[in-house]
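[1] kindly generate the corresponding structure for this input.
(2 chains)
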Protein chains: 2
Amino acid sequence: MNIYAVIMAGGIGSRFWPRSKKKTPKQLLKIFGDQTMIQQTVNRLNGLVKNENIFIITNKEQKPGVLTQLAQLPIENIVEEPFGRNTAACIGFASVLIAKKDPDAVTLVLPADHIIEDEEEFHKTLLNAAKFANDSDGLVTIGISPSRPETGYGYIQIDEKEVSDGVFKVLNFAEKPNYSTAVRFVESGDFFWNSGMFIWKAATILEEIKIYLPELYEGLVKIQNAVGTEDFKEVLTNVYGLVKKISIDYGIMEKSTRVYLTKGNFKWSDVGSWEAVYELSPKDEFGNAKVGKVYNESSKNSFIYSPEKFVAVIGVDNIVVINNDDALLICDRHRTQDVKNVIDYLKINELTDYL
Amino acid sequence: MNIYAVIMAGGIGSRFWPRSKKKTPKQLLKIFGDQTMIQQTVNRLNGLVKNENIFIITNKEQKPGVLTQLAQLPIENIVEEPFGRNTAACIGFASVLIAKKDPDAVTLVLPADHIIEDEEEFHKTLLNAAKFANDSDGLVTIGISPSRPETGYGYIQIDEKEVSDGVFKVLNFAEKPNYSTAVRFVESGDFFWNSGMFIWKAATILEEIKIYLPELYEGLVKIQNAVGTEDFKEVLTNVYGLVKKISIDYGIMEKSTRVYLTKGNFKWSDVGSWEAVYELSPKDEFGNAKVGKVYNESSKNSFIYSPEKFVAVIGVDNIVVINNDDALLICDRHRTQDVKNVIDYLKINELTDYL
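    Sure, this is the predicted structure:
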């Protein structure tokens, strides 16, 4: 079994402004520790996937950063999409590249910007899922056992009868629920967080795209035929120009009849906001997470990030402070989802230097 | 009657960190409008005191800034003290310089960092006080009619019987009161805010120093004799080395029997904190005072100062944000007095770059 990995690294992470910018989105930032999130994502595959089998799907703006940060990968594995067309196109594109190289490839599809702890359990889960996908031609997702009634994640419902060792048939995909629904999901025991990680043979997902997204499939065939020719870039751009924006979840997973889930029993977060970073960060006795030189006088439960400039905080609780080279964010810790509104404001007012 | 002015500009304004620094204390900053506070203080005397009669008493660190900002004054009028020794020494020193030049000089003693509105009324008040001081050999203070039970100011109690046009005998000086005492003071009608502005003949205050602070007087005589000699700097340093730190209020005003008050019926503030700056600043419909490029989402009653960097504030009320080149302050608006604690922290931790 030859395991490949596709790491999707095209997102902009607008909730991580002012640290995330067009050229330095969330996955290219050091959010936790000394490595960027994409470096952590790639290094987490050590011992499971060979470097030559790891593909990064990114875009023009981010490619230079990716090349610098992942110098250990073959440069031809860092692939740019001409435009962002959501995950179905991204995964389809990566799958034709991999299937052309290795028709039997089993592929792990992974976001570039998630946090995962307990690498051993992570490897065990992926390997088990890869074996099942290889043997069954199934589409396998990783579901995380919910530790709280989180309303920020999608959920996946399973049939509790085990199909194979640790693998279950998926019954339903549920959008981000309201709080009471989330409570019900968690109590039920058969709902899991949708982690956005998938395991399948490249050939299998292409078969399913052929059935459920035939227009995309036609385009992918054109791309596959152009691989290695001088027309490749032109064909790719033309195909992408016509492709519809659709997610792999909505386009395939919610429709396919061969979707499975394997439980991920490791600590996971999609780190969707500064609040999530705060929650995952070590804190002092007053519940403050601090990066940089910070003077604190009776401020509690706050996240203060200011690696360069000295900051004094006096008597302010539950705030997030992100003090970057060119911009400063001060936000109620429970409103960090609204940081994306700043992006809209900057776009409307053409303050592009801050984007 | 020859009117002189002494502007005391040696303070550090530690409550205005991170804008105020050793070399750029509060009086050398543009807190309101396009002029620094000391420029506003000097320009406010236009038409009342000739430039050649305006003396600035400052120190070594601040002198270069003062010279640059007050280029219209004769450079010999910008005088540095070797060390800060509180207001009695400062005023005594300035008085011997002026008395040597003009034995009949009437002197206005003014802080460099206060806000005064209604210049016409200000001039009228000072001129009236100067005439009284000239005729009576009295020590005149300006008392501001209290508009609220402020606990941040000292109060002066008067005998309500008018001694001369708008001039009253002072009965008592009261330290900063607690709230209930302040309420009583305001309701009584015979208590006024101590503005720290004084009017007297240079000769009169020197006579009073001779009586109540004889050691200081001895030193001042030595200084006066050394004026214009090559020993001046050495004598000044030696005298200052022995001078006790004592305020003019405590050393003279609370003891002298010829102390008077004239009512200042103009808008005045000693601008003692960022909260005071907020109160005096124009505000938007949400009660926010903003300087710089600020994105605000449902934050109210806050003061946001960031002339260089873009700031986004989301859902945080009643804060003061001072975003300077090298340091950032975020403070509960009602705790801006505690900003001086940051200075102590920086000193203790030898973070002198931020001082």
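[2] drop to CA atoms for contacts and neighbour counts, all remaining ones
    Will do.
[3] what sits closest to A:Gly219 if chain neighbours are left out?
    Excluding the flanking residues, the one nearest A:Gly219 by CA to CA, 6 or more residues apart in numbering or on different chains is A:Val239, at 5.4 Å.
[4] what residues are up against the one you found?
    By CA atoms under 8 Å, 6 or more residues apart in numbering or on different chains, the contact list for A:Val239 reads A:219-220, A:222-223.
[5] and these as a markdown table, adding secondary structure and pLDDT?
    Output for the contacts of A:Val239, formatted as a markdown table (DSSP: H, G, I helix; E, B strand; the rest coil; pLDDT from 0 to 100):
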| residue | secondary structure | pLDDT |
| --- | --- | --- |
| A:Gly219 | helix | 97 |
| A:Leu220 | helix | 98 |
| A:Lys222 | helix | 97 |
| A:Ile223 | helix | 97 |
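[6] list just the nearest of these to A:Asn296.
    Proximity of the contacts of A:Val239 to A:Asn296 was ranked by CA to CA; the top entry is A:Leu220 with 55.6 Å.
[7] residues in contact with the closest one?
    The neighbourhood of A:Leu220, defined by CA under 8 Å, 6+ apart, consists of A:92-93, A:96, A:239.
[8] out of the contacts of A:Val239, give me the one that has the most neighbours.
    A:Leu220 (27 neighbours; other CA atoms under 10 Å in any protein chain shown).
[9] against A:Thr36, how distant is that one?
    Using CA to CA, to the nearest Å, we find A:Leu220 at a distance of 31 Å from A:Thr36.
[10] tell me, how many residues neighbour the residue of the stretch 51-200 of chain A found nearest chain B?
    Using CA to the nearest CA, A:Gly152 is the residue of the stretch 51-200 of chain A that sits closest to chain B, at 19.7 Å. The criterion is other CA under 10 Å. On that basis, A:Gly152 has 16 neighbouring residues.
[11] so which bits of chain A are right by chain B?
    Applying CA under 8 Å from any CA of the partner chain, one finds that chain A approaches chain B through A:295, A:309-316, A:319, A:326-332, A:335, A:338-339, A:342, A:345, A:354.
[12] buried among the residues you listed? Need that as a selection in ChimeraX.
    When burial is assessed using 16 or more other CA atoms under 10 Å in any protein chain shown, the buried subset of these is captured in ChimeraX by this command:
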select /A:295,309,310,311,312,313,314,315,316,319,327,328,329,330,331,332,335,338,339,342,354
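[13] out of the residues of chain A next to chain B, which are inside strands?
    Among the residues of chain A next to chain B, the members falling in strands (DSSP state E) are A:295, A:309-314, A:319, A:327-332.
[14] how about the helices of the stretch 51-200 of chain A, start to end?
    Along the stretch 51-200 of chain A, the stretches classed as helices by DSSP state H, counting those that start in this stretch are A:63-69, A:86-101, A:119-136, A:179-188.
[15] so which of the ones you listed gets nearest B:Pro214?
    Closest approach to B:Pro214 among the helices of the stretch 51-200 of chain A (CA to CA): helix A:63-69, 73.8 Å.
[16] now do that closest one: everything it contacts.
    The contact list for helix A:63-69, computed with CA under 8 Å, 6+ apart, reads A:23-24, A:28, A:36, A:39, A:75, A:78-80.
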